[in-house]
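Chemist: Let me see the structure of the following:
(one chain, ligands or ions: 2)
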Amino acid sequence: MMQMPFLKPGDEKRYLVEHGVRPLNHRVAVYKYLLENPIHPTADDIYGDLKKHMASISRTTVYNVLNLLCDQGVVKRIAIEKNEMRYDANISNHMHFKCIDCGKVYDLHTVSFPEVSIPDGFTMHEVQVNISGNCPACDAIA
Ligand SMILES: [Zn+2]
Ligand SMILES: [Zn+2]
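Modeler: Ligands and ions are numbered 1, 2, ... in the order given. Below is the predicted model:
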């Protein structure tokens with residue numbers, strides 16, 4: 001499932017280059033992983049899956065690549081957890097729904113994103129709206 005409709009498979013490299021990221025293998029692998037797994041994985045999730053078919057990748061590399069991708073604006077950090085950062089290749093403003101039982105984080109698509117008025121003197125960098133509850137799979141068990 002692709003989140004970025006304008007990115008056709010094979011376009012990832014070009015997209016990264018356009019955003020100032022040299023498309024080294026590890027960088028492309030991490031970015032593609034995020035596009036193909038829009039479940040807002042942690043760095044450890046990404047490392048755990050990628051190392052299965054990329055023996056050369058290290059945990060440090062995954063962290064460094066994620067920092068670079070965030071700095072270049074192609075990936076967003078999602079601070080939905082107190083103590084762990086999650087990553088999202090969907091850089092548009094969107095809401096998140098976190099299931100409190102399975103911990104999965106889903107994208108919510110809204111007709112209109114809430115508009116907030118920011119008081120004078122404050123500079124807004126980004127808006128994150130996070131909702132928690134139960135996903136259908138967990139509701140079925142309960
Ligand atoms: Zn759930
Ligand atoms: Zn998201």
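Chemist: where in the protein is pLDDT low?
Modeler: 1-6, 142 (pLDDT under 70).
Chemist: Next one: the most centrally placed residue in it from Tyr33, what distance?
Modeler: In the chain, the residue lying closest to the centroid (CA atoms, centre = their mean) is Asp88, at 0.9 Å. Separation of Asp88 from Tyr33 (CB to CB, to the nearest Å): 12 Å. Using the backbone N, CA and C atoms, a C-beta is placed for each residue, glycine as well.
Chemist: what are the phi and psi values for the residue nearest to the centre of the chain?
Modeler: With angles defined as degrees, to the nearest 10, Asp88 sits at phi -140, psi 130.
Chemist: contacting residues around it?
Modeler: By CB atoms under 8 Å, 6 or more residues apart in numbering, Asp88 lies in contact with 34, 38, 40, 75-78.
Chemist: does the residue of the chain most remote from its centre count as helix, strand or coil?
Modeler: Distance to the chain centre peaks in the chain at Asp120, reaching 30.5 Å (criterion: CA atoms, centre = their mean). Following DSSP: H, G, I helix; E, B strand; the rest coil, Asp120 is assigned to coil.
Chemist: for Val74, same thing?
Modeler: Classification of Val74 using three-state DSSP returns coil.
Chemist: Provide a list of residues in contact with it.
Modeler: Here Val74 is in contact with 15-16, 19, 21, 31, 89, 91 (CB under 8 Å, 6+ apart).
Chemist: Which of those residues are buried? Put it as a ChimeraX command.
Modeler: A single ChimeraX command selects the buried members of the contacts of Val74 (16 or more other CB atoms under 10 Å):
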select :15,16,21,31,89
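Chemist: for the contacts of Val74, which one is nearest Ile141?
Modeler: Ala89 (29.5 Å; CB to CB).
Chemist: In this structure that closest one contacts Gly73, no?
Modeler: No - using CB atoms under 8 Å, Ala89 is not in contact with Gly73; the gap is 11.3 Å.
Chemist: So what's the residue count around the spatially closest residue to Ile118 that is not a sequence neighbour?
Modeler: Nearest residue to Ile118, sequence neighbours excluded (CB to CB, 6 or more residues apart in numbering): Met124, at 5.0 Å. Close neighbours of Met124, defined as other CB atoms under 10 Å, add up to 8.
Chemist: With that, I have no additional questions.
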